[in-house]
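Peer 1: Have a look at this prediction, sequence included:
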Amino acid sequence: MAGRKRTASGSHATNVAASRTSRSRSTRSGAMRSNVPDIYREMLIEADTQSSVTPSERPLKRRRPGQHNHQSPKRPDPPQVILKSDDVDDEDDEADEDVQFEDVPPPTATIQTVERDSDEEEEDDEMQFEDFDFSLPPPDLDSIPDGDKDLELDFSARTTVNIQKTADRRKPITRAEKDHRIEIHRMHLLCLLYHAARRNRWCNDSAVQERLRPLLTNKMIKYLNPSTSLTQFGQAQSLKEGLQHVGTLYKTRFQITERGIRRALWADNEEHLQNYQLPDDAESPMDKEDFREAAKSLRGSRDVGAQLYCALLRSAGVEARLVCSLQPLAFTSGGPALGKPPKAKGKLSIEEQYARMTKYNNTFESPVASGPPIAKRLGHPNAMAYYPPRITPASSSRKPPPVPKKIRESAYPIYWVEILDEGHQKWQPADPLVTDSFWKPQKLEPPASDRENCMAYVIAFESDGTAKDVTRRYVKAYNAKTRKMRIESAQATGDKWWRKVLQAFSRGITTDLDQIENNELTELELREPMPRNVADFKDHPIYALERHLRRNEVLVPGASASGTVGAGSKGPLEKIYRRRDVRIARSKEKWYRMGREVLPNEIPVKFLPKRVKPKADLFGDEEDDDCGTVGTPIYTHDQTILFKHPPVINGRVPKNRFRNLDLYVPSMVPEGGAYVPDELAARAAFILGVDYAPALTGFLFKGKHGTAVLHGAVVAAENEEAVCAVIDGLKEQVAEFEKAQRTREVLKAWRLFLMSLRVRQRIWADVDSDEEGNHEDVVESGDGDDHAKALRSDASDEAGGFIVDDEDMAGGFMVD
DNA sequence: GAATGTCGTT
DNA sequence: AATGCACGACATTC
């Protein structure tokens, strides 16, 4: 077991490190991803798509990455004789309406088969769970992989190197690097989420529950299911008491023998990554059987402990959620790092390497059941961890392992349980194993300095498989601190992405209880106290400091402070404003591009310092320079009005000096005009002889030069219909032409095919049939019966079934 | 003295 | 070119 685990993560680390060396970003992230099971990779892609597809529109089967979407049901391909086959291919997707091909029987043979790249399709057919549509709520939980074994990702470990550390640390990270980090972060999130979802599902397993239930006495079960005749308070008390009983009991029975999930950290350099190894006692990947086994032996990581506790409670009829605090790799490079590999300060000595090897072999040979497989090493990986040793309570009823393991882990749990207090309609946390706390959400948030546990995403899974983000219940500064660690603040679209991910786990309907909980969570967020230090005001969703305003942000004139902070104790006090009093200011040009116009005589709300002189001149004439370079004036939204082009009068459309019409937003269509968003619009209008103006819809910036993008045209409203009609006509013409062209090409292909056949037939006609058994079908008989016989002959034969006359062909294949 | 926050440097 | 960012050094609080 341990052997497998080590192999998996070991190869993983090596891979990443190797790819890192190659320096190319694409390879790097490629390698990164290649270590992730396809299902997860796809989830990432899937959840990332911005397209707002409604459930009904979604494909039943998920697309595979390599597969193009438009390879709809098979249309018979024309014989792949090399013609201008590229033309044909190009049109493939658009020609769906061209029914003609549906009617053409496909040749069962080709003379010269063009290489079809079929290889790419067969590769990933292995995937076990391809039918799982990640984006469809409610999730089809049965199709989530039923074991961790497909998962090579070592959650507790490091997956990549912190570039910032190795590169020039003075420079801010590049955009690409940031994206890369975010991608890793998101991938981690998904993997962890699914891991937890799977464990949650196992908690419902009847075999697991049956094995656990004997732990409970009838009295406990009674406590856990208080009679409804009790008062609200009484019920809650009974439940709580029952939980405590069960908790104490469980704590003595369950033995923590393995290390659970830890926070992922960045490696400082590749060496650290390469030399990284999982601790001996890290939890091994499990499948359902292993989990059942753990339910019997009551041993495992404290994560498994919490999961079994959840199963136990569910078996007693308690509404219990499995809660997991996901520990993805941070997208900021700050924070603690992996640090040096265990023991060896620099490189491993030969002896050490040898020792490691033997240990590995031992593990491999000796069955795990015979006690702890690996003797604890002196230089334990976590010898440096500062948490006091956690002695696992030795079970009295079981033979304790020869050497009680000391597992130092965070003093805060990764997994715990939430119980529904029915009386108060409230979910309450319970963690018997780590903090031994009940009904105390505040007790579960680790401090920011915890190297092994970082609370950023707390997900609660219910027994029906649905999940909810309940982070706000547990963190004390969601807005000020936690948010900054979450994907929402890393990326503009992060919010959307995360919602979409969770939507896969949503119940579809919002129950009353959901609503109550949502209210509770938002209230917690609103109640969050105002930060007391300057740093926490940065990017705060409610408050803002002047010092943190972006260059194009500005406070509304009447903005009033809602408090003050000082930096440290001696800094000058700064006013705290509300974020909603912050406005974005833009230049005249920017506003124009948004279809707005700065009112005349408005005083710019701010001047953006533009270009400053390249260098501090040796001469003292800086003053002049500065005066000349007080930059672009910018204005706020309410200093502008909607921009209006002059109206269309008598069919005359206004135009700019390039004979176009600026049309950046819909509101810029002039009064009395209509926008025809079609490439053919201008031509159609020209054909009709009506006035029109091509629409300038934006600019394409390539390097420094911006080129105008023209799309469609504006015509007078009364001409719109006519123009559209003409466009339809034009399109039909084009379609017609293309259709004819295609038909011609296909016919050409068929002709060539048949001609070749005929040639071949002629050639082989003289050859004795037994010399070339392969061709006898076609060749053997005399001319009389040729046709019929060929049609009857085996279809697997290359030429079978396709000996026809020219006339037949022409007649049969012509459509229309 | 650990934990947390600010400041100056590049 | 300079602004923003990250990081180490230093300061303050409990």
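Peer 2: Thanks, I have it.

Peer 1: how about the residues of chain A near DNA strand B?
Peer 2: Proximity of chain A to DNA strand B, by CB under 7 Å from any atom of the strand, involves residues A:170, A:386, A:447-449, A:533-536, A:565, A:567-568, A:571. (Each C-beta comes from the backbone N, C-alpha and C, glycine too.)

Peer 1: 6 Å instead, please
Peer 2: Applying CB under 6 Å from any atom of the strand, one finds that chain A approaches DNA strand B through A:Arg170, A:Pro447, A:Ala448, A:Ser449, A:Asn533, A:Val534, A:Ala535, A:Ala567, A:Gly568, A:Gly571.

Peer 1: buried subset of the residues you listed?
Peer 2: Restricting those to buried positions leaves A:Val534, with burial counted as 16 or more other CB atoms under 10 Å.

Peer 1: In the stretch 101-250 of chain A, where is pLDDT below threshold?
Peer 2: Within the stretch 101-250 of chain A, the ranges that satisfy pLDDT under 70 run A:101-172.

Peer 1: Then the stretch 651-800 of chain A?
Peer 2: In the predicted model of the stretch 651-800 of chain A, residues A:703-704, A:768-800 satisfy pLDDT under 70.

Peer 1: One more pass at 90, please.
Peer 2: A:698-709, A:750, A:760-800 (pLDDT under 90).

Peer 1: Let me see the ranges of the strands in it.
Peer 2: For the stretch 651-800 of chain A, applying DSSP state E, counting those that start in this stretch gives strands covering A:661-662, A:673-676, A:692-702, A:705-716.

Peer 1: circling back to that earlier point, which one of the residues of chain A next to DNA strand B sits closest to DNA strand C?
Peer 2: Closest approach between the residues of chain A next to DNA strand B and DNA strand C, by CB to the nearest atom of the strand: A:Gly568, at 5.0 Å.

Peer 1: Next one: the closest one, what pLDDT does it get?
Peer 2: The pLDDT attached to A:Gly568 in the predicted structure is 78.

Peer 1: Equivalent analysis for the one 5 residues further on, please.
Peer 2: pLDDT for A:Leu573: 87.

Peer 1: domains in chain A, as residue ranges please.
Peer 2: A:2-24+A:134-369+A:379-527, A:535-584, A:587-641, A:652-729 (automatic domain parsing).

Peer 1: and A:Lys575, what helix or strand is that in?
Peer 2: Using DSSP states H and E, A:Lys575 falls within strand A:573-578.

Peer 1: Which helix or strand lies directly C-terminal to that strand?
Peer 2: Proceeding N to C from strand A:573-578, the next assigned helix or strand is strand A:582-584, under DSSP H and E.

Peer 1: Which other helices and strands does that next one contact?
Peer 2: strand A:553-555 (3 or more CB pairs under 8 Å, 6 or more residues apart in numbering; DSSP states H and E).

Peer 1: re earlier: select, out of the strands of the stretch 651-800 of chain A, the one closest to DNA strand C.
Peer 2: Put simply, out of those the one that sits nearest DNA strand C is strand A:692-702, at 16.6 Å, with distance taken as CB to the nearest atom of the strand.

Peer 1: quick one, that closest one and strand A:705-716 angle?
Peer 2: Counting by axes from the mean of the first three to the mean of the last three CA atoms, to 10 degrees, strand A:692-702 lies at 160 degrees to strand A:705-716.

Peer 1: Can you give me the buried ones in strand A:692-702?
Peer 2: Counting neighbours by 16+ other CB under 10 Å, the buried set in strand A:692-702 is A:Tyr692, A:Ala693, A:Pro694, A:Ala695, A:Leu696, A:Thr697, A:Gly698.

Peer 1: got those as JSON lines, with distance to A:Leu680 columns?
Peer 2: Formatted as JSON lines, the buried residues of strand A:692-702 follow (distance: CB to CB, whole Å):
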{"residue": "A:Tyr692", "distance to A:Leu680": "12"}
{"residue": "A:Ala693", "distance to A:Leu680": "15"}
{"residue": "A:Pro694", "distance to A:Leu680": "12"}
{"residue": "A:Ala695", "distance to A:Leu680": "13"}
{"residue": "A:Leu696", "distance to A:Leu680": "17"}
{"residue": "A:Thr697", "distance to A:Leu680": "16"}
{"residue": "A:Gly698", "distance to A:Leu680": "19"}
